[in-house]
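**Q** sequence-free structure coming up:
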């Protein structure tokens, strides 16, 4: 019995010793050097300090090209096409002869009108002389008043007939000139819808050919009325400053080329909003000496809005979204604690967001490490290196830190 109690006491002492040893290992009164354990680890985050910048704001708008001048060639008289005198797809100058309509019937009409005019002019002197003689002898009552009135009326009738035939001659001359179909403008002419020997009619609905002036060329782009109102409001409130020297200069983007080498000029903004789309048209005049831009091409126009003197930009990786899609950012305050800010974003500029409200100059926005912290968490803020590493990490690395472009 005594032996059993002694064994039990030994077991209890061994258990107590094991508990004490475990407690010493768990809570540790010191490390290998005999020093006390440090405070809990503080998470490290990379931040960007917000500073206002002066930037030029632009808007990229879709558009389509259209010719500067367009002329649809139509005949103004009936006739047979004798000859087409241009090469399809070539450049023509104003006044160049394009088509020759058979002039024979119009030449006959012109000659006939001239002959009739000559006849009327030949009769006029004798009728005028008779009326003058009757007027002289009317005082002596050698002729009756009626005879004189008849002679005077005959003069007026002869003069009217002369004027009539002069008009007929002019009309015949104009119609004869219309048999020569010439280019009203300079430009590039397209395909011909008729060939030699075709019968054409005056003012027919189908054009014989179309000439388009391509240098310069128009670019018509559309912009929403809401964007226009926002732009005007920003200019009025002073958020934007108009750039008087460059506000009408427009850069053109098209095809695989990043940009067109020549800048266009904003000519006007339309005064009417399309009720179906809520947008209006901007017309841009673009130099096109090499005819790289052709009518009907889709292009993009970079229109200058103005200069934002104190723009707030934040890297896109520093902005997240709530479940409702609202943009938010985490900032480190003066006490090195995390705060959440609701943002209002204007637009993306490269890899940054232009912030309308929610941030101010001097705010430290977390761009790396935000996934492991929450609002109210104490953190250690280090400057963010745009090469992709924190500055403290890059200093300890054997490889040199990357530099931003």
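**A** Now that the structure is in, tell me what you want to look at. All values derive from a computational prediction rather than experimental measurement.
**Q** can you give me the strands in the stretch 301-405 of the chain?
**A** 320-321, 327-332, 338-342, 344-349, 352-357, 364-368, 380-383 (DSSP state E, counting those that start in this stretch).
**Q** Each with direction, which strands does the second one pair with?
**A** Using DSSP bridges, the neighbouring strands of strand 327-332 in the sheet come out as strand 320-321 (antiparallel), strand 338-342 (antiparallel), strand 364-368 (antiparallel).
**Q** which one of those strands lies closest to residue 71?
**A** Evaluated over these, closeness to residue 71 peaks at strand 320-321, with 54.7 Å, by CB to CB. To be clear about C-beta, it is placed using only N, CA and C from the backbone, and glycine gets the same treatment.
**Q** So what's the gap between the closest one and the chain middle?
**A** Chain-centre distance of strand 320-321: 31 Å, with CA atoms, centre = their mean, to the nearest Å.
**Q** now stretch 242-254
**A** Centroid separation for stretch 242-254 versus its chain: 10 Å, with CA atoms, centre = their mean.
**Q** Span of it from start to end?
**A** Taking CA to CA, to the nearest Å, stretch 242-254 runs 27 Å from one end to the other.
**Q** average pLDDT across stretch 354-363?
**A** Stretch 354-363 shows a mean pLDDT of 87.
**Q** Could I get the buried residue list for that stretch?
**A** 354, 355, 358, 359, 363 (16 or more other CB atoms under 10 Å).
**Q** Quickly run through the sheet partners of the longest strand seen in the chain, with directions.
**A** Identified as the longest strand of the chain according to DSSP state E is strand 53-73. According to DSSP bridges, strand 53-73 forms sheet pairs with strand 209-224 (antiparallel), strand 298-315 (antiparallel).
**Q** Neighbours of residue 114, how many?
**A** 16 (other CB atoms under 10 Å).
**Q** Please report how far it lies from residue 70.
**A** For residue 114, the distance to residue 70 equals 38 Å [CB to CB, to the nearest Å].
**Q** Okay, helices next: where are they in the stretch 151-300 of the chain?
**A** Using DSSP state H, counting those that start in this stretch, the helices found in the stretch 151-300 of the chain span residues 225-237.
**Q** just to revisit the earlier point, right, and the strands of the stretch 301-405 of the chain - which one's nearest residue 273?
**A** Nearest of the strands of the stretch 301-405 of the chain (CB to CB): strand 344-349, 22.0 Å.
**Q** strands paired with the closest one, and their directions?
**A** strand 352-357 (antiparallel).
**Q** so how far is the strand it pairs with off the chain centroid?
**A** Remark: strand 352-357 is offset 24 Å from the chain centroid, using CA atoms, centre = their mean.
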